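J.: Mind folding the following:
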Amino acid sequence: MDTLTLLPLALATLLYAVVSRRAFGTLVSVPLAFLVLGLLLGDLGFGLTDLPVSGEALNVLAEVTLVLTLFADASSIDVKRLRRQHALPVRLLGIGLPLTVAAGLGVALLLLPGLSLLEAALVAIILAPTDAALGQAVVTNRYVPERVRRALNVESGLNDGLVFPALLIVASIVIAGTVSDGARSALGWSGFVLAQVVLGPLAGYLVGRFGGTLIERAIERDQVSAGFLRLSTIALPLVAYGGAELVSGNGFLAAFTCGLTVGTTARALRTGIEDFAEAEGQLLSLFVFFALGAVLLPAVWPQMQWQHALYALLSLTLIRMVPVAVSLTGLGLERGTIAFIGWFGPRGLASVIYLLLLTDDYRMDAIDQIGAVVLLTVAFSIVLHGLSAHPLAARYGATHRDGDSGGDSEDGGRV
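T.: Modelled structure (predicted):
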């Protein structure tokens, strides 16, 4: 990759930085701005970038971004507080998430031509995780009840890590089915998956527990500078990732488990993690959104059909909103609140990176069609959720300014 390829992205980051505070209150979200920039400078626009559609550079970027994102998201979850105020997020993750995958699978089989059952399942799984960053105006609007904001944050922080084992298992079954000597290959893939989903989280827990404790004790003794505190938040998930790979575990599950462990046992580290997520982590995310517009969408553009666009719209509406409504039944929530939570389930970073990993590690015939529908869904989400976040959050918040009064109880307060 030519280093000049990074020049447009660097300039865009610099220019957006000088207007970022003013831009925050507008309809143009940061992901939307970088997606549009990528479209303008990429193959669908002026053709001024030369990013590779596939290759080592983009794959390494995707892997590092996913490792750090899984770690940062998981470490931001206050598990002790979640145990006391768990009704909404547990319903969304325990009922809404599986139902969303099931609905996505069913619609994919009906609507997307030529996909097998497992390939349709891959589409549903990749598009199940939500990305709260695409609706930042919602989760940062203090007039939106805290209970609702917390539920959306916890959901997006955990669902990407929760669906990854399912993605790994289904993708492995698809590949095992294409290998000769089916019985032996199926047994081999079963052992591979078992090692991945057991040894990966184990490595992540050990690194998070002992590494987090080591850093926390150094912080208590005032032995850690602010700069290296932020660097430690990068080192921990990378150590967990590398350690898991050394013992044949899954590095991404290790990073996720490491984040959960650190967030629970090493709370002094959370400031450094939050600082990293707001700076270096966001830069990596914006590069992915830029690449989405510059090279990923142009690469699948010839394969796009009306069925892909229809599935993308259904994924953001019925496939997401109906399972959310079912999962929240019985909690005494108003219809407007259920609709609000259902709509703000944007698809973003995790879906794009899962697709890139699938493309790189698992060769399958349907990858072009899977890529077309996933990338189009994410692009629609960036536009629709980006444009609607501020006005809908303001409108909803204006009618629920007292919603927090009962929001700190288990199910208290009619929201």
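
J.: which residues does the residue positioned nearest the centre of the chain contact?
T.: The centroid of the chain falls nearest to Ala350 when counting by Cα atoms, centre = their mean (3.3 Å). Under the criterion of Cβ atoms under 8 Å, 6 or more residues apart in numbering, the neighbours of Ala350 are Leu66, Thr69, Pro129, Asp131, Asp160. To be clear about C-beta, it is placed using only N, CA and C from the backbone, and glycine gets the same treatment.

J.: What helix or strand is Thr329 located in?
T.: Under DSSP states H and E, no helix or strand contains Thr329.

J.: Gly281 versus that one, what's the distance?
T.: In this view, Thr329 and Gly281 are 35 Å apart by Cβ to Cβ, to the nearest Å.

J.: Over to Ser116?
T.: Ser116 sits at a distance of 36 Å from Gly281 (criterion: Cβ to Cβ).

J.: Also Gly332?
T.: For Gly332, the distance to Gly281 - Cβ to Cβ - is 36 Å.

J.: Look at these two and report which has more neighbours.
T.: Taking other Cβ atoms under 10 Å, Gly332 and Gly281 do not tie; Gly281 has more neighbours (23 against 14).

J.: Could you check how far that one is from Ser75?
T.: From Gly281 to Ser75 the distance is 11 Å (Cβ to Cβ).

J.: so what's Arg150 scoring on pLDDT?
T.: Arg150 carries a pLDDT score of 88 in this model.

J.: Go ahead and confirm Pro165 touches Val197.
T.: Yes: proximity of Pro165 to Val197 meets the contact threshold set by Cβ atoms under 8 Å, at 4.9 Å.

J.: Which neighbours do the two have in common?
T.: Common contacts of Pro165 and Val197 (Cβ under 8 Å, 6+ apart): Leu253.

J.: ok, now how distant is the residue lying closest to Gly161 once chain neighbours are set aside from Leu158?
T.: In space, and not counting its chain neighbours, Gly161 is closest to Phe256: 3.6 Å by Cβ to Cβ, 6 or more residues apart in numbering. Distance, Phe256 to Leu158, using Cβ to Cβ: 9 Å.

J.: and for these two, which residues touch both?
T.: The contact sets of Phe256 and Leu158 overlap at Asp73, Ala74 (Cβ under 8 Å, 6+ apart).

J.: Comparing those two, which residue is more hemmed in?
T.: Using other Cβ under 10 Å, the more surrounded residue of Phe256 and Leu158 is Phe256, with 32 against 25.

J.: And that one, its phi and psi?
T.: For Phe256, the backbone dihedrals are phi -60, psi -50 (criterion: degrees, to the nearest 10).

J.: right, and it touches Leu70 too?
T.: Yes: with contact defined as Cβ under 8 Å, Phe256 reaches Leu70; the gap is 4.2 Å.

J.: what do the two both touch?
T.: With Cβ under 8 Å, 6+ apart as the test, Phe256 and Leu70 both reach Asp160, Gly161, Phe164.

J.: Of those, which is the most crowded?
T.: Asp160 leads the shared contacts of Phe256 and Leu70 on contacts (other Cβ under 10 Å) with 27 neighbours.

J.: Quick one: residues contacting that residue.
T.: Going by Cβ under 8 Å, 6+ apart, Asp160 touches Thr69, Leu70, Asp73, Pro129, Phe256, Ala350.

J.: element containing it, please.
T.: Going by DSSP H and E, Asp160 is part of helix 146-178.

J.: Just the buried positions in that helix, please.
T.: 147-172, 174-176 (16 or more other Cβ atoms under 10 Å).

J.: just stretch 220-229 next, same as before
T.: Val224, Leu229.

J.: Give me the mean pLDDT for it.
T.: The pLDDT scores in stretch 220-229 average 80.

J.: likewise stretch 275-291?
T.: 77.

J.: starting at the chain centroid, how far to that stretch?
T.: Stretch 275-291 sits 13 Å away from the centroid of its parent chain (Cα atoms, centre = their mean, to the nearest Å).

J.: Grab the nearest non-local neighbour of Ala312.
T.: Nearest residue to Ala312 in three dimensions, chain neighbours excluded: Thr377, at 4.0 Å (Cβ to Cβ, 6+ apart).

J.: so which strand or helix has that neighbour?
T.: In the assignment (DSSP H and E), Thr377 maps to helix 367-399.

J.: What angle do helix 146-178 and that helix make with each other?
T.: Interaxial angle, helix 367-399 versus helix 146-178 (axes from the mean of the first three to the mean of the last three Cα atoms, to 10 degrees): 170 degrees.

J.: Please name every helix or strand in contact with helix 367-399.
T.: Contacts defined by 3 or more Cβ pairs under 8 Å, 6 or more residues apart in numbering; DSSP states H and E place helix 367-399 against helix 30-41, helix 117-126, helix 136-139, helix 297-300, helix 306-316, helix 335-343, helix 349-361.
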